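*Asks:* predicted model and sequence follow; I will ask about them next.
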Amino acid sequence: MGGNILALALITGIGIFSGHSGPGSVAYDAATGTYTVTGGDQPQYVWARVTGDVALEATVERASGASLMIRQSLDADAPYVDGAPTTLEWRETPGDAAHEIQSNAPAPTRWRIEKRGDYVSMYINSLPAGGAAKVHLTGEFYVGLAAHAQSVRFTHVILGTPATAKRKTLISTLETIDVASKVRRVAYVVVQPERIEAPNWFPDSTRTLYFNSKGHFFRLRDGALKPVDLGLLHNINNDHGVTRDGRTWAFSADFIYVGSDGRMRQVTENAPSYFHGWSPDGRTLVFCGLRAKNFDIYRISVNGGPETRLTTNPGKDDGPEFSPDGTYIYYNSDQSGSMQIWRMKPDGSDKEQITNDDADNWFPHISPDGKMMAFLSYARGVGDHPENKDVRLRLMDLDKRAISELAKLFGGQGTINVNSWSPDSQSLAFVSYQIVPDQTHR
């Protein structure tokens, strides 16, 4: 799993590493391949200087206070990534605040960090911990072992390059992020060709999430996964959501269907129709429909009947969602020349552009308290909303119209296609992805 051993030129008696720094000490037992690293009031680092992609793994005794590290330099404020027992921590730019992803895996005895391009991920006991840190490192950088404020023993240390294989596999990670602290937490990780997509947070609980995969629907509660019975509906896509009272779901499978407990009924008569939002009273749905080769926003009664067209932009309008008070429908549109966030009254009047920047912005989701809007940002000109792209999760304070960044990740299609706010408006759920070599086909 560790890839190819690096041929390091600088060997100074610290095993495969070429130096160390910081208060404390380092001892290397060549007979057992054991590094005993003791930190002080600052970390003690044992390091090698490398370039390009790298992988480092080790078995650790007394794992508390231990980490595997990658740093641009040994300066205290340098960009870095630390893989600690169940946490991946990083800083993107000098002096920037630190970010972290907390794994849901048990404390490991062995773990690995891998740098592939600008993304660093962690594996715990040979399994992906979920999520990845995006940090741009240039030229030579440092990789090695670290001990914080105590003595740590590292054994079976392998420093190499990430494994390669022609065949690739997909890692999907369902994560949540606290909007105040920006701490990311792993809820579920799956390694498979088919991706998991589009989490919904159930409105009566901060413990229950739903998502789609392979045309089916799943519930995740306290780490336990259970398929949801949708009756004869077995080909849903990533456009789905539940009413505010949690009683009725809407799903898209060419047409839009609503129901509960496995009993589904068709609402729209025209296809394709892609559900995106419920009115606060649960009586009206808003959706994106392809009609006469054009994508526009429509609304329809939950009981079916005629659909009402709300936009006439000759380009693309998508992702409609009611504000919690029902005053507006937010959506994304390329009406101004690039994909930006807009809003309008429920009858389609008073259209107003909300974002106007150098990104292509998709899928506005309003927090249950009506104060914030989360959305997904691509690089300008990426086209539509493709999968497997560098994207950003961003947040707008709707009173101040101020935008902040929540997270950078590899994602896009499937990340936040539908509203994924927690009921208390404190957290957001999303899916990030990694494409890595398939270790079973090397």
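*Replies:* Sure, I can see it. Because the structure is predicted, anything quoted here is derived from the model rather than measured.
*Asks:* all contacts plus neighbour counts: C-alpha atoms, from now on.
*Replies:* Will do.
*Asks:* need the contact list for P128.
*Replies:* Counting by C-alpha atoms under 8 Å, 6 or more residues apart in numbering, P128 touches S121, M122, I171, V189.
*Asks:* switch the cut-off to 10 Å
*Replies:* 103, 105, 111-113, 121-122, 171-173, 189-191, 434 (C-alpha atoms under 10 Å, 6 or more residues apart in numbering).
*Asks:* report the beta-bridge partner residues of it.
*Replies:* Y123 (DSSP bridges).
*Asks:* can you pull out the strands in the stretch 301-442 of the chain?
*Replies:* Here the stretch 301-442 of the chain has its strands, by DSSP state E, counting those that start in this stretch, at 308-309, 317-322, 329-333, 340-344, 352-353, 359-366, 372-379, 389-397, 402-411, 427-437.
*Asks:* now those strands as JSON lines including distance to W47?
*Replies:* Converted to JSON lines, those look like this (distance: least, C-alpha to C-alpha, whole Å):
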{"stretch": "strand 308-309", "distance to W47": "62"}
{"stretch": "strand 317-322", "distance to W47": "48"}
{"stretch": "strand 329-333", "distance to W47": "47"}
{"stretch": "strand 340-344", "distance to W47": "45"}
{"stretch": "strand 352-353", "distance to W47": "51"}
{"stretch": "strand 359-366", "distance to W47": "38"}
{"stretch": "strand 372-379", "distance to W47": "35"}
{"stretch": "strand 389-397", "distance to W47": "30"}
{"stretch": "strand 402-411", "distance to W47": "27"}
{"stretch": "strand 427-437", "distance to W47": "26"}
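*Asks:* nearest to R283, out of the ones you listed?
*Replies:* Minimum separation from R283 across these (C-alpha to C-alpha) falls at strand 317-322, 12.0 Å.
*Asks:* now that closest one: mean pLDDT?
*Replies:* Across strand 317-322, pLDDT averages out at 98.
*Asks:* other SSEs contacting that strand?
*Replies:* Strand 317-322 sits against strand 273-278, strand 284-291, strand 294-301, strand 329-333, strand 340-344, strand 359-366, with contacts defined as 3 or more C-alpha pairs under 10 Å, 6 or more residues apart in numbering; DSSP states H and E.
*Asks:* the third one: how far from the chain's middle?
*Replies:* Relative to its parent chain, strand 294-301 has a centroid offset of 29 Å by C-alpha atoms, centre = their mean, to the nearest Å.
*Asks:* now it: buried residues?
*Replies:* By neighbour count with 16 or more other C-alpha atoms under 10 Å, strand 294-301 contains the buried residues F295, D296, I297, Y298, R299, I300, S301.
*Asks:* pull it out as CSV, backbone CA atoms only.
*Replies:* Below are the C-alpha coordinates for strand 294-301, written out as CSV (Å, rounded to 0.1, in the frame of the first residue of the first chain):
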residue,chain,number,x,y,z
ASN,A,294,-34.6,24.7,-22.9
PHE,A,295,-34.1,24.3,-19.1
ASP,A,296,-36.4,26.6,-17.1
ILE,A,297,-37.9,26.8,-13.6
TYR,A,298,-41.5,25.5,-13.0
ARG,A,299,-43.8,25.1,-10.1
ILE,A,300,-46.6,22.5,-9.7
SER,A,301,-49.1,21.5,-7.1
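*Asks:* what helices or strands is that strand leaning on?
*Replies:* Using 3+ C-alpha pairs under 10 Å, 6+ apart, strand 294-301 sits against strand 273-278, strand 284-291, strand 308-309, strand 317-322, strand 329-333.
*Asks:* between the contacts of P128, which is closest to F375?
*Replies:* Once C-alpha to C-alpha is applied, the member of those that ends up nearest F375 is T173, at 18.4 Å.
*Asks:* can I assume that closest one is in contact with I435?
*Replies:* No. With contact defined as C-alpha atoms under 10 Å, T173 does not count as touching I435 (11.6 Å).
*Asks:* quick one: which of the two has more around it?
*Replies:* Per other C-alpha atoms under 10 Å, whichever of T173 and I435 has more neighbours is T173, with 27 against 14.
*Asks:* just to revisit the earlier point, lowest-confidence one in the contacts of P128?
*Replies:* A105 (87).
*Asks:* next up, the contacts around that residue.
*Replies:* A105 touches 85-87, 123-125, 127-130, 186-189, counting by C-alpha under 10 Å, 6+ apart.
*Asks:* mind giving me the ChimeraX command for buried ones among the residues you listed?
*Replies:* To isolate the buried members of the contacts of A105 in ChimeraX, using 16+ other C-alpha under 10 Å:
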select :85,86,87,123,124,125,128,129,130,186,187,188,189
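*Asks:* among the contacts of A105, show me the least confident.
*Replies:* Per-residue pLDDT puts P85 lowest of the contacts of A105, at 88.
*Asks:* ok, it to A27 distance?
*Replies:* Distance, P85 to A27, by C-alpha to C-alpha, to the nearest Å: 22 Å.
*Asks:* direction included, what does the helix or strand E175 falls within pair against?
*Replies:* In the assignment (DSSP states H and E), E175 maps to strand 168-178. With DSSP bridges as the test, strand 168-178 is paired with strand 184-191 (antiparallel), strand 427-437 (antiparallel).
*Asks:* in a markdown table: these, plus distance to P272.
*Replies:* A markdown table is the format used below for these (distance: least, C-alpha to C-alpha, whole Å):
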| stretch | distance to P272 |
| --- | --- |
| strand 184-191 | 29 |
| strand 427-437 | 24 |
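*Asks:* deepest-packed of these, please.
*Replies:* With neighbours taken as mean count of other C-alpha atoms under 10 Å, the strands paired with strand 168-178 reach their highest mean count in strand 427-437, at a mean of 23.
*Asks:* next up, the contacts around F275.
*Replies:* With C-alpha under 10 Å, 6+ apart, F275 has these contacts: 237-241, 250-257, 268, 285-289, 298-299, 318-321, 418.
*Asks:* can we see that at 6 Å?
*Replies:* By C-alpha atoms under 6 Å, 6 or more residues apart in numbering, the residues touching F275 are D239, S252, F287.
*Asks:* repeat for G65
*Replies:* A147, H148.
*Asks:* what's the separation between it and P320?
*Replies:* Counting by C-alpha to C-alpha, the gap from G65 to P320 is 47 Å.
*Asks:* before we move on, what about A379?
*Replies:* For A379, the distance to P320 - C-alpha to C-alpha - is 21 Å.
*Asks:* do the same with V60
*Replies:* 50 Å.
*Asks:* cool, D357 as well?
*Replies:* For D357, the distance to P320 equals 20 Å [C-alpha to C-alpha].
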